[in-house]
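A.B. asks: Provide a 3D model corresponding to the input given below.
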Amino acid sequence: MSLKKRLKAAGIIAIAAAAVFGIARSGLAISEKQEETVFTGGKETLYLWYTDEMLTSYLTGAAVAYNEDHDVRIVPVLQPALEYLEGINQASLESNTPDLYILGHDSLEKAYLAGLASEVAFSGEGSMEEAYLKTGLQAATYKDKVIGYPFYFETSGLLYNRTYLEDMAKSQLEAEADLAEGEEAQAQVEETPPDSEEGQSGESSTESEEAGMEGERFTKEQVEARIKEILPATIKDIETFADEYDAPEQVEGVFKWDVTDIFYNYFFVGNTLKMGGEAGWNTGQIDIYNLETIESLRVYQELNQFFSIDTSEIDYEAILDEFMAGKTVFTIATTDAVFKLEDAKSDGLMAYDYGIALVPDIDEGKPSRSLSMTSCVVVNGYSANKETANDFARFLTTRYSDILYARGGKVSAAKNVEYGYEALAMFAAEYEKSISMPKMIETSNFWVQLEVLFSEVWNGADANEKLKKLSEQIMEQVTGEIYEEEYLVEPDLEPEEEEYTEEDFEEE
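C.D. replies: Below is the predicted model of the structure:
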């Protein structure tokens, strides 16, 4: 729909939209009398609950847009996050509302078992697989049933100072070109007879060509290709970069991230630690204590010695501020960083370009995998308007997703979305390879315990012992019985067998 048509339609129902907006911000339930005041006629009304105030403007716009082509009223209602699902349950039993609500995928099992989530009835052209990114569908799945519409996601990526890397790329290309030209000039001198006119000119053809060149010495494509070569693909690459980088004076550290938050640490163990399978609901697919995870934790622990990050002084927002000031080259960031960085650039508070890359692997052949969260639009199992609710949920999460980040600060989980920023497209690529936070009720405290484990390991605790203890605790919660893991001997830590020589036997 064109902007002109959208504005015209918005003007026609501006009073209704303003009223909906006010009700949404208030968080109050809407009585029949209020409905009659806001709307006229006997239109079907759907109530959509949510907890994030940043979405208010976006959801109100979506309600107006949907009303243009459907004889349906959509009323977004902002609710407090505390005991949100409990409030939905109580309202559902009393009045069959809300018809839809937005919920983090990790709470879907609880919602489904309470009868508050219906299996998705995806109608119209195409399929769920064609409409949404795979990770989002897995996040919205419980016991092989899709019980939510993937709406938006959060995950982490490698944030880097593109200006520094571009300067580094150009310096490398300059040095290589100078070396090649020097070798070429030396070869010409050696091949040219001493008494020839060419040898006496004092200027090589290469030098003449260089003197006549205008503009940049290298193309954007050449510089871009070199930046991609410089970008670290593994943790080892970051360490090598730190050893070799001739940092500008203002740089205080090469790599710094919030080591106190599991969301920014999880990629170290995301590919080796298994919690409920890909969809995160299967208690029969849990593998916490294994050699690969222990090894990844030891790599994490060694970084404390390499980068010396003090956990008592670390803070995500402070790290972003340092990055904007050019004090760090790399950090681990979430999608919210794009808003902050773009605002800082437009306000003249950031003098550098930035980029997002996939989080680095542990090492070659040892891939990493970041953690992701997906917020879903759920159709209430108690709703009397399920068919219309499903239709609006599909509209909201696929057809009205192009302005989700601009108006709501969220990154859509739908496919083929024009995000508007290259950085967000890279976050989407990371999301596609990420692992979703599981939704098993029995393991709901796992993330708090894992965050404690990371903190202890960072500060020197034995990764093997701590991981064994965590696995036993979680498995006891899942099985309801005392659980003991068999201690795993790490290959590199096995005691070496003593070798005896013939002299040793002779001495005995």
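A.B. asks: Quick check: the gap between the closest residue to A333 other than its chain neighbours and I230.
C.D. replies: Spatially, and ignoring its direct neighbours in sequence, A333 is nearest to L159 (4.0 Å; C-beta to C-beta, 6 or more residues apart in numbering). For every residue, glycine as well, the C-beta is placed using N, CA and C. In this view, L159 and I230 are 15 Å apart by C-beta to C-beta, to the nearest Å.
A.B. asks: if you count what's nearby, which of these two comes out ahead?
C.D. replies: L159 (26 against 16; other C-beta atoms under 10 Å).
A.B. asks: What is the helix or strand harbouring the residue nearest to A333 packed up against?
C.D. replies: Using DSSP states H and E, the element containing L159 is strand 149-161. Of the remaining helices and strands, those touching strand 149-161 by 3 or more C-beta pairs under 8 Å, 6 or more residues apart in numbering; DSSP states H and E are helix 134-139, helix 262-265, strand 328-334, strand 354-357, strand 371-379, strand 411-412, helix 422-433.
A.B. asks: Following it in sequence, what is the next regular element?
C.D. replies: helix 162-191.
A.B. asks: Neighbouring strands - and their directions - for the strand holding L159?
C.D. replies: The pairing partners recorded for strand 149-161 under DSSP bridges are strand 328-334 (antiparallel), strand 354-357 (antiparallel), strand 371-379 (antiparallel), strand 411-412 (antiparallel).
A.B. asks: closest one to G280 among those strands?
C.D. replies: Closest to G280 of those is strand 371-379 (C-beta to C-beta; 10.4 Å).
A.B. asks: related to what we said a few turns ago, now do the residue nearest to A333 against F392, distance only.
C.D. replies: Distance, L159 to F392, by C-beta to C-beta: 35 Å.
A.B. asks: quick one: pLDDT of I314?
C.D. replies: Model confidence at I314, given as pLDDT, is 86.
A.B. asks: Which residues are in contact with it?
C.D. replies: The contact partners of I314, by C-beta atoms under 8 Å, 6 or more residues apart in numbering, come to D258, V259, T260.
A.B. asks: Lowest-scoring secondary structure element of the chain by mean pLDDT?
C.D. replies: Counting by mean pLDDT, DSSP states H and E, the weakest-scoring helix or strand in the chain turns out to be helix 3-12, with a mean of 33.
A.B. asks: Provide the secondary structure category for S368.
C.D. replies: Here S368 is recorded as coil under DSSP: H, G, I helix; E, B strand; the rest coil.
A.B. asks: Run through the residues that contact it.
C.D. replies: Contacts of S368 (C-beta under 8 Å, 6+ apart): F267, F268, G270, N271, V359, P360, D361, I362.
A.B. asks: Just give the nearest non-adjacent residue to it, would you?
C.D. replies: In space, S368 is closest to F267, 4.3 Å off (C-beta to C-beta, 6+ apart).
A.B. asks: Next, give phi and psi for that neighbour.
C.D. replies: Main-chain torsions, F267, degrees, to the nearest 10: phi -60, psi -20.
A.B. asks: burial count for it?
C.D. replies: Applying other C-beta under 10 Å, we find 29 residues neighbouring F267.
A.B. asks: go on, Y400?
C.D. replies: 21.
A.B. asks: wait, isn't it in contact with A65?
C.D. replies: Yes. In this structure, Y400 is within contact of A65 by C-beta atoms under 8 Å, at 6.1 Å.
A.B. asks: List the contacts of R399.
C.D. replies: Neighbours of R399 in contact, by C-beta under 8 Å, 6+ apart: none.
A.B. asks: And the pLDDT at it?
C.D. replies: So R399 comes in at 92 (pLDDT).
A.B. asks: State the phi and psi torsions of it.
C.D. replies: Residue torsions, per degrees, to the nearest 10, at R399 are phi -90, psi -20.
A.B. asks: how close does it get to A81?
C.D. replies: With C-beta to C-beta as the criterion, R399 and A81 are 27 Å apart.
A.B. asks: do V377 as well
C.D. replies: Counting by C-beta to C-beta, the gap from V377 to A81 is 17 Å.
A.B. asks: about what we covered before: switch the contacts of S368 over to TSV; also include pLDDT and secondary structure.
C.D. replies: Converted to TSV, the contacts of S368 look like this (pLDDT from 0 to 100; DSSP: H, G, I helix; E, B strand; the rest coil):
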residue	pLDDT	secondary structure
F267	98	helix
F268	98	helix
G270	97	coil
N271	97	coil
V359	98	coil
P360	97	coil
D361	98	strand
I362	96	coil
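A.B. asks: just these now: which is nearest D106?
C.D. replies: The nearest one, if we look at the contacts of S368 relative to D106 and count by C-beta to C-beta, is G270, at 15.4 Å.
A.B. asks: quick one: the residue nearest to that closest one when sequence neighbours are not counted from V64, how far?
C.D. replies: Distance criterion C-beta to C-beta, 6+ apart; nearest residue to G270, sequence neighbours excluded, is R369 at 3.2 Å. Distance of R369 to V64, computed by C-beta to C-beta: 40 Å.
A.B. asks: now swap in S118 and tell me
C.D. replies: When S118 is compared with V64 (using C-beta to C-beta), they lie 26 Å apart.
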